[in-house]
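K.L.:
Based on what follows, work out the 3D shape:
(2 chains)
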Amino acid sequence: MTTLATTPAGPRARRTGPRPRLRDGLRPWLYLLPAAAVLLPLLGYPIYMLGLLSVFDYRQAQVSGGEPTTFVGLGNYATLLGDQRFWSVLGQTVAFAAALVAATLAVGATLAVVLSRAGRVPRLLLSLAAMAAWAAPAMTGSTVWMFLFDADLGLVNQVLGIEGFNWFYDRWVAFGVVGATVVWHSFPFVMVTLYAGIQAVPASVIEAAALDGASVWQSFWKVLVPILRPLITIVVIQSIIWDFKIFTQIYVMTNGGGIAGQNSVLNVYAYQTAFGSSEYGLGSAIGMVMTLILLAVTLLYIRALHRRGESL
Amino acid sequence: MKRAKILKSYAAGLALLALAACAPSTAPSSTGGDDRTGTVRVWLFDEPNRAPKEKVVAEAVREFTAAHPDVTVEVSYIPTSPARHEKFKGAFNDPASAPDVAEYGNTDLAEYAAAGGFADLGADVGAWAEGKEINADLLKSATAGGRLYGVPWYIGVRALYYRTDVFDELGLKAPATLEELATTARAVRAKKPDLYGIAVGGEYTFGALPFVWDAGGDIEKLDSPESRKGVKAYTGLLSDDVCPPQACAALTGGKTVELFASGKAAMGILGNFSRSAVDAGPAAGKYAVVPLPGSTAGTPAPAFAGGNNLGVMRSSGHRTLAVQFVRLLAGKTYQVKMYEAMGNLPTLTSARRELAAKDPFLKPFLDTVAAGTRFVPVDPAWVKIDNQKVIPTMLQKIATGQATVEQATTEAAAAVNAAFGRS
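P.N.:
Model prediction:
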């Protein structure tokens, strides 16, 4: 990323040459061509199909050819925006994702600092544990956590001596357990990224702060955080994107949205609408809304990347 | 210049691609073929205790392949959870991954028929001597829009299982009315707090529906006073003094079977098909069965007449072989064997009569059938209602105190109307 942003003097020198302007204007596009050739069919086409489906009345009967497909314009979106359940699930998803981002960041940052100060053996152990969590597939991790919190046979209940306690009965307790699983899955990325950032901070800066009488706490907030700000921004936005799209953990651990659907999030809701109720059109509309929200977040991400390039 | 040209042709290609896909695609409407050799693929439902079923089916496969040496039969067991819908839809959309023969629940029939997934077997069953024995009521459970989309393979009826050892010890009698059922359940839990009075579940639609039907309610009018009365009676059991919502609100019908079979509940609303699962657990030999009582003594609550059909996929490439395999598996010999293995009630009258005479276990179930059974609406809307978990959500909201009976039933009735497209 840094090498991309800090452009060497090469092109600038060339710009003074006698080459025609048109070719220079074309050049960036030409460089983009290989990436575009892969990304457009792979990303563009599915999104195009998603958008297309979302304006049709497209259910199981239409897919298997029993009934003709009809164009309904923005009908699916109108249905969606008029559905109270959509809004409650959206609100729930945003709140849950926000809590997850905060928790992931807190855990990841704390452990990054611990990692940078720990001795060799503890550092190795912590890294190994984090890498294992990172490497565990979401499906496996969720299933293992679900067993740990099983009402009758779970290790947690047996250790706490509360056999029969159902962790997935109360909405907030269930969100808590699922949230812990998600954080466990995603903190290693934050930890490793920030640890790399901390390693790149010159020791002299920290030393100078210490000489000036700054406590560990102060040197973290006043020295490390400002230096790492661009990195933190990226990690935050990355986490927002991941946590907003959360699916596997909720779907597996709460059996598709919990008691009376109380733990449903947007991605699970879209899946159940599209594939459970065979409302492919309506499901696509939910997918489009999610894509738009995430696109907005991604634009912020790209801006953050730019800023980071400028400041370095 | 050359580069600009490449760019242009690339853009043109993209535009073409966009044009070619200007309407969502539909599956090719292939009607299959009639190969007499090769592999016949069969999908059957997985069961909580599958081994006996697998054994009978393997026997049928051996008999079939002995008669057709050039044919192999490949049987897969698919889950009965809502994931089955995805499996079937996948099979309808992509004939290459579809089986030739499939077992399906009769409640799913309307949706599958609307999707055009199964072949019309009317002529094949009409020309089949044993097939004439299936009575008209049962054929209806495989018929949609005047076409027969399968052979009813077995039916299942639920009744009240109760633990004779617990009842004897506490001096209780099998309940004669639904009200007595609730008081009996409370009495058991009061005296034996480690037992659930009755195993009921928030996701056990077919356990709850008899309460609604008995009160005079209906799926299509869940907000009527009668329906509300039935819903209230059922959700009243999902309480700390019978089956605590903490443990029971999330239970499916299958889980209540496990609960009763593992000896953790004094009663359970289980089907005749759950017998082998119960006999495999600690409750074996310590239970009896009576029809699920209604609000007046002597009249059982209307049971749900569920069952499974064997259908031939419209896209099957081995139509004749597939029909022959269905006839074998749904014939009298294997229906009786399936009853002996799994406790599935045969659909052939002669097979049922033969079994009723020699197995008294069947009596409460046949009494329940005789008192009248009910069925879910034969409409694709039902699959939607089922998939959206309309009834479980209603029951769970009441059981967990998230909504009152009035609120939850009003909401559920609105969802049912929406599914029927009547909003």
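K.L.:
Could you check how many residues crowd around the closest residue to chain B within the stretch 151-300 of chain A?
P.N.:
For the stretch 151-300 of chain A, the residue closest to chain B is residue A:260, as judged by CB to the nearest CB, at 3.8 Å. The C-beta positions use only the backbone N, C-alpha and C, and glycine is treated the same way. For residue A:260, the count of nearby residues is 25 (other CB atoms under 10 Å in any protein chain shown).
K.L.:
what's the spacing between it and residue B:203?
P.N.:
Separation of residue A:260 from residue B:203 (CB to CB, to the nearest Å): 10 Å.
K.L.:
hey, what's in contact with both of these two?
P.N.:
Residues within reach of residue A:260 and of residue B:203 at once, by CB atoms under 8 Å, 6 or more residues apart in numbering or on different chains, are B:392, B:396.
K.L.:
What distance do you get for the residue of the stretch 151-300 of chain A closest to chain B to residue B:365?
P.N.:
32 Å.
K.L.:
on that earlier part again, doesn't residue B:397 make contact with the residue of the stretch 151-300 of chain A closest to chain B?
P.N.:
Yes. At 4.7 Å, residue A:260 counts as touching residue B:397 under the criterion of CB atoms under 8 Å.
K.L.:
If the most centrally placed residue in chain B is in a bridge, with which residues?
P.N.:
Computing the C-alpha centroid of chain B and ranking residues by CA atoms, centre = their mean puts residue B:105 first, at 4.9 Å. With DSSP bridges as the criterion, residue B:105 is bridged to residue B:308.
K.L.:
Quick check: chain neighbours aside, which residue is closest to residue B:109?
P.N.:
Of all residues not flanking residue B:109 in the chain, residue B:144 sits nearest, at 5.6 Å (CB to CB, 6 or more residues apart in numbering or on different chains).
K.L.:
residue contacts, the one you found?
P.N.:
Residue B:144 makes contact with B:109, B:110, B:113, B:114, B:378, according to CB under 8 Å, 6+ apart.
K.L.:
Can you check what pLDDT the model gives it?
P.N.:
For residue B:144, the pLDDT comes out at 85.
K.L.:
Could you do residue B:247 as well?
P.N.:
pLDDT recorded at residue B:247 is 89.
K.L.:
Name the residues of chain A found near chain B, please.
P.N.:
A:26, A:29-30, A:33, A:37, A:40, A:45, A:48-49, A:52-53, A:56, A:58, A:60-67, A:69, A:151, A:164-166, A:168-169, A:255-256, A:259-262, A:272, A:275-278, A:280 (CB under 8 Å from any CB of the partner chain).
K.L.:
what's the model's confidence in stretch B:404-423, averaged?
P.N.:
Averaged across stretch B:404-423, the pLDDT comes to 89.
K.L.:
Go ahead and name everything in contact with that stretch.
P.N.:
In this structure, residues lying in contact with stretch B:404-423 by CB under 8 Å, 6+ apart are B:219-223, B:227-228, B:231-232, B:235, B:377, B:379, B:381-382, B:384-385, B:388, B:390-391, B:393-395, B:397-398, B:403.
K.L.:
list the contacts for the residue in chain B positioned nearest to chain A?
P.N.:
In chain B, no residue comes nearer to chain A than residue B:396, which is 3.8 Å away by CB to the nearest CB. Contacts for residue B:396 (CB under 8 Å, 6+ apart) come out as A:259, A:260, B:202, B:203, B:249, B:250, B:402.
K.L.:
Is it possible to mark the buried ones in those residues?
P.N.:
For these, a burial check counting by 16 or more other CB atoms under 10 Å in any protein chain shown picks out A:259, A:260, B:202, B:203, B:249, B:250.
K.L.:
need those in TSV with distance to residue A:121, can you?
P.N.:
Output for those, formatted as TSV (distance: CB to CB, whole Å):
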residue	distance to residue A:121
A:259	45
A:260	49
B:202	50
B:203	49
B:249	47
B:250	44
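K.L.:
Next step: the residues you listed restricted to strands.
P.N.:
Residues of the buried ones among the contacts of residue B:396 located in strands (DSSP state E): none.
K.L.:
Return the member of those residues nearest to residue B:42.
P.N.:
residue B:203 (28.7 Å; CB to CB).
K.L.:
Run through the bridge partners of the closest one.
P.N.:
Beta-bridge partners of residue B:203, counted by DSSP bridges, are residue B:252.
K.L.:
Show me where the chain dips below the pLDDT cut-off.
P.N.:
Just going to use chain A. Counting by pLDDT under 70, the ranges of chain A that qualify are A:1-23, A:64-66, A:305, A:308-312.
K.L.:
my bad, the chain I had in mind was chain B
P.N.:
Using pLDDT under 70, the flagged stretches of chain B are B:1-31, B:137, B:423.
K.L.:
Strands along the stretch 51-200 of chain A, start to end?
P.N.:
Secondary structure of the stretch 51-200 of chain A (DSSP state E, counting those that start in this stretch): strands at A:56-57, A:70-71.
K.L.:
I appreciate the help and will end here.
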